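**Q** What would the 3D arrangement of this be:
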Amino acid sequence: MYLELFLGFLRVGCFAFGGAYGAIPLIRDVVLSHGWLTEERLTYMIAVSESTPGPIMVNLVTYVGSSQAGLLGAVTATAAVVLPSFIIILLVMVLLKNLLDAPYVQAALRGLKPCVAGIILATGVRMVLDHCVSPDGGTLLEPRAVLLTAVLAGLMAVSGPVLKKKASPITLIVVSALLGAAVYGA
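**A** The predicted model follows:
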């Protein structure tokens, strides 16, 4: 089990570029392919990982490792996901200081930004569709989920022009929690 956790999350750590939101599809793939969590439980853990202190990807991977193999599983999964970044940072700092200033490297990094944005957008759209469509597989919309999604999208859309600044993620999380409790708790 520990080797599976290590190798699965090492793969995530090696190919996760662009931060935690870009890594969610990779984590989803590893977790679901091994049967460690259900899609629904994984989605809940993504939400919990966003609202707890620390990097989302590390929080999520630590939870999965803990749920599968206890404390040692959590440590194994966390070490695996951060190891590639740690090694790359060490190499960059020690050996390749001047390489980051090279025009080709800068061009490659600029080229990756739209790709990462697309991955994040696709993940968000998938999560919205997964939770706004009836769980029975039909095409019926889940009215409460659609309402919450519309309210949060509206809040984000009007916060810039009205407040002259974007809504903070903390505000969105608090509003989401309150609306979720009000809509689903009743």
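**Q** which other helices and strands contact whichever strand or helix holds Met57?
**A** Element membership for Met57, per DSSP states H and E: helix 56-94. Helix 56-94 sits against helix 2-15, helix 20-34, helix 39-51, with contacts defined as 3 or more C-beta pairs under 8 Å, 6 or more residues apart in numbering; DSSP states H and E. Every residue, glycine included, has its C-beta placed from N, CA and C.
**Q** So which other helices or strands are in contact with the following helix or strand past that helix?
**A** Note on helix 56-94: by DSSP H and E, the next helix or strand toward the C-terminus is helix 103-132. If you count contacts as 3+ C-beta pairs under 8 Å, 6+ apart, helix 103-132 packs onto helix 20-34, helix 39-51, helix 143-163.
**Q** Comparing those by mean pLDDT, which bottoms out?
**A** Lowest mean pLDDT within these: helix 143-163, a mean of 81.
**Q** What residues sit buried inside that helix?
**A** For helix 143-163, the neighbour count (16 or more other C-beta atoms under 10 Å) marks 144-145, 148-149, 152, 155, 159 as buried.
**Q** which one of those residues sits closest to His131?
**A** Minimum distance to His131 across the buried residues of helix 143-163 is 4.9 Å, recorded for Ala145 (C-beta to C-beta).
**Q** Now do the same contact list for the nearest residue to Ala167 once chain neighbours are set aside.
**A** Spatial nearest neighbour of Ala167, excluding adjacent residues (C-beta to C-beta, 6 or more residues apart in numbering): Ser159 at 3.8 Å. Ser159 makes contact with 165-167 under the criterion C-beta atoms under 8 Å, 6 or more residues apart in numbering.
**Q** quick one: low-confidence ranges for the protein?
**A** Scanning the chain for pLDDT under 70 picks out 18-20, 134-139, 186.
**Q** Ramachandran angles for Pro55?
**A** phi -70, psi 130 (degrees, to the nearest 10).
**Q** what's the answer for Ala16, then?
**A** The phi and psi values for Ala16, taken as degrees, to the nearest 10, are phi -80, psi 110.
**Q** what residues are up against it?
**A** For Ala16, the contact set (C-beta under 8 Å, 6+ apart) comprises 22-23, 26, 57, 81.
**Q** Give me the distance between it and Val146.
**A** From Ala16 across to Val146, the span is 31 Å (C-beta to C-beta, to the nearest Å).
**Q** Turn the contacts of Ser159 into CSV, including neighbour count, secondary structure and distance to Leu37.
**A** Output for these, formatted as CSV (neighbours: other C-beta atoms under 10 Å; DSSP: H, G, I helix; E, B strand; the rest coil; distance: C-beta to C-beta, whole Å):
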residue, neighbour count, secondary structure, distance to Leu37
Lys165, 8, coil, 36
Lys166, 11, coil, 32
Ala167, 17, coil, 30
